[in-house]
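J.: Here's a sequence, model it:
(one chain, ligands or ions: 2)
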Amino acid sequence: MTRIDPSALAELLAANPLARRIVVLEETPSTNLAAKVLAAEGAPGGTLVLANRQTAGRGRRGRAWESEAGACVCMSLLLRPAFPAGLAPRVTLAAALGVCRALRAFGADARIKWPNDVHAGGKKLCGILSELGMAGDGYFIVCGIGINVLQRAFPGELAETATSLLLETGRANALEQVVAAALQGLAPLFPACGEDAAYAALMCGYRALSCTLGRAVSVTGPDGTRHGVAEDFDALGRLLLRTADGALLTIQAGDVSLRNA
Ligand code: ATP
Ligand code: BTN
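T.: Numbers count the residues shown, from 1 in each chain. Ligands and ions are numbered 1, 2, ... in the order given. Predicted coordinates:
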């Protein structure tokens, strides 16, 4: 099984302002969980947790995240932003943009499915789960990123819905290279989340890589299912959905499921 080489990774990330402390675990249920424990213990922002084997990875709405050992990147970055917690939802979209750009640089035709999935050829290449926590008088964000890198096939239903960098490009990239490229993509974007003008510029880049805009979609949330056309995203990254009766609904990313209609 391929394992992450901590010293090779440290070298690749030496100049990266985001990953200041790198923790590579041999096995853990979930790197998000591990990062949250470290956060509660006082770990600094910039702590990056990775695992060679993730046994109970979690996605949004508590869904399971399949992590083939040695074939994927499972990592969680602890952030302690200086900007107010109300702006935290921006981080999730910024992460999707940073990773999407990085995966495109490897040759994949990656696109962002709102709010924070990276797809290629209509299949999911990367999933992101950002979680907010309180510690002392501040808050932290754990930004969990799962990237399919070296899988040649996926089990069960995922065979129809998931893809990997190897399947998309035909090339077997080292996991350390993918981690470093993703962190490099993210580095300029996280600080932008705290400034309105910088975030507006970020959202222009996000729009350009969206595979959701202009599509007929169904959004399922706590209040039921809404159908419409994905018209735009607002300043907080919420989806503006134009329904058949002409109304423009603002959809919060949090608890919704988005499907092509
Ligand atoms: P939506 O419900 O908005 O259409 P989704 O189906 O992508 O989005 P999410 O909750 O965003 O759902 O992501 C979790 C989904 O990802 C689960 O449905 C699961 O089937 C799928 N999944 C689990 N592991 C992987 C993986 N390694 N690669 C791609 N997809 C995966
Ligand atoms: C989703 O698509 O719903 C999000 C999937 C997020 C998976 C990553 S893998 C690393 C980190 N640890 C977890 O348990 N989840 C995230």
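J.: ok, residue 131 - how many residues close by?
T.: Residue neighbour count, defined by other Cβ atoms under 10 Å, stands at 18 for residue 131. For every residue, glycine as well, the C-beta is placed using N, CA and C.
J.: Could I get the pLDDT score of it?
T.: If you check residue 131, the pLDDT there is 96.
J.: what's the answer for the one 5 residues further on, then?
T.: As summarised for this prediction, residue 136 has a pLDDT of 79.
J.: Show the contacting residues for it.
T.: The contact partners of residue 136, by Cβ atoms under 8 Å, 6 or more residues apart in numbering, come to none.
J.: Now it: phi and psi?
T.: The phi and psi values for residue 136, taken as degrees, to the nearest 10, are phi 60, psi -130.
J.: Residue 159 too?
T.: Dihedral pair for residue 159: phi -60, psi -30, per degrees, to the nearest 10.
J.: Distance check, it against residue 183.
T.: Distance, residue 159 to residue 183, using Cβ to Cβ, to the nearest Å: 30 Å.
J.: Out of these two, name the residue with the larger neighbour count.
T.: residue 183 (24 against 11).
J.: any idea which element that one lies in?
T.: For residue 183, the host element (DSSP states H and E) is helix 175-186.
J.: Go through that helix and flag the buried ones.
T.: Under the neighbour-count criterion of 16 or more other Cβ atoms under 10 Å, helix 175-186 has 175, 176, 178, 179, 180, 181, 182, 183, 184, 185, 186 buried.
J.: For residue 66, see how far away the nearest residue to the last one once chain neighbours are set aside is.
T.: Leaving aside its chain neighbours, residue 186 sits nearest to residue 98 (3.7 Å; criterion: Cβ to Cβ, 6 or more residues apart in numbering). Relative to residue 66, residue 98 is positioned 23 Å away (criterion: Cβ to Cβ).
J.: and these two? which has more neighbours close in?
T.: Set residue 98 next to residue 66 and count neighbours by other Cβ under 10 Å: residue 98 wins out with 27 against 17.
J.: Return the per-residue confidence for that one.
T.: Residue 98 is assigned 98 on the pLDDT scale.
J.: which secondary structure element contains residue 99?
T.: Using DSSP H and E, residue 99 maps to helix 89-105.
J.: Remind me what that helix packs against, helices and strands.
T.: If contacts are counted by 3 or more Cβ pairs under 8 Å, 6 or more residues apart in numbering; DSSP states H and E, helix 89-105 sits against strand 110-113, strand 117-120, strand 123-135, strand 138-148, helix 175-186, helix 189-192, helix 196-208.
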